[in-house]
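*Asks:* Predicted model follows, preceded by the sequence.
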Amino acid sequence: MNNNQTLEKMKEMRLHGMCRSFETMLQSGTQNDTTADQIIGSLIESEWLDRVNRKTERLIKRARFRYTASIEEIDYASQRNLDKNIILRLADCSFIDHKQNIIITGATGTGKSYMASALGYQACLKGYKVMYMNLSKLFSILKASKADGSYMKELKKISSIDLLIIDDFGLQPIDNQNQLTPKNLK
């Protein structure tokens, strides 16, 4: 089997990382300087990294973040009164495994949504499923699902998420229809 056939089979089997790595090896001629086990190791590593990166991209896309944010870009200026140690401890995402909640409070325009997005991005990088939405949109989705009979399906979808980020909580009063009580779950 020649190299072109090998590349075609890799593409057909959706081994995109391996395919790119093998093409690079062929173009640079490095496959001549390495052993078979080094080539195989390199191809497997490339495929694994490609799959991890694609999964992370899917998680970030599905989360629908409001901002493209990162922990490294959070501004810790003294007037913001942020504790960098707390933020960095939260960035390890152990709060998700421990099923702990985080409430970010502060005045309008202080970066609460950005910080929540940064923690959500960090969770995606660590392989967690994240959903980001504002409270009014969440209530709209739940109301629509009640009306069309898919309420329990929607709740199941939400409960399958590892980290649910609810933004703009408390901007509008929660009326009787939006309260989650046993009576309203029926």
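*Replies:* Nice, thanks for sending it over. Numbering: from 1, shown residues only.
*Asks:* in the protein, which spans are helices?
*Replies:* Ranges of helices in the chain, per DSSP state H, are 3-12, 16-28, 36-63, 84-90, 94-97, 112-125, 135-148, 151-159.
*Asks:* Of these, which stretch is the most buried?
*Replies:* Of the helices of the chain, the one with the most neighbours on average (mean count of other Cβ atoms under 10 Å) is helix 112-125, at a mean of 21. For glycine as for every other residue, the C-beta is placed from the backbone atoms N, C-alpha and C.
*Asks:* Rebuild the helices of the chain as CSV, extending it with mean pLDDT and distance to residue 165.
*Replies:* Formatted as CSV, these follow (pLDDT from 0 to 100; distance: least, Cβ to Cβ, whole Å):
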stretch, mean pLDDT, distance to residue 165
helix 3-12, 90, 37
helix 16-28, 90, 30
helix 36-63, 93, 8
helix 84-90, 93, 13
helix 94-97, 96, 11
helix 112-125, 95, 5
helix 135-148, 90, 10
helix 151-159, 93, 12
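*Asks:* okay, now the domains of the chain?
*Replies:* For the chain, the structural domains run 3-63, 71-167, going by automatic domain parsing.
*Asks:* nearest to residue 166, of the helices of the chain?
*Replies:* Residue 166 lies closest to helix 135-148 among the helices of the chain, at 5.4 Å (Cβ to Cβ).
*Asks:* got the angle for the closest one vs helix 151-159?
*Replies:* Relative orientation of helix 135-148 versus helix 151-159 (axes from the mean of the first three to the mean of the last three Cα atoms, to 10 degrees): 150 degrees.
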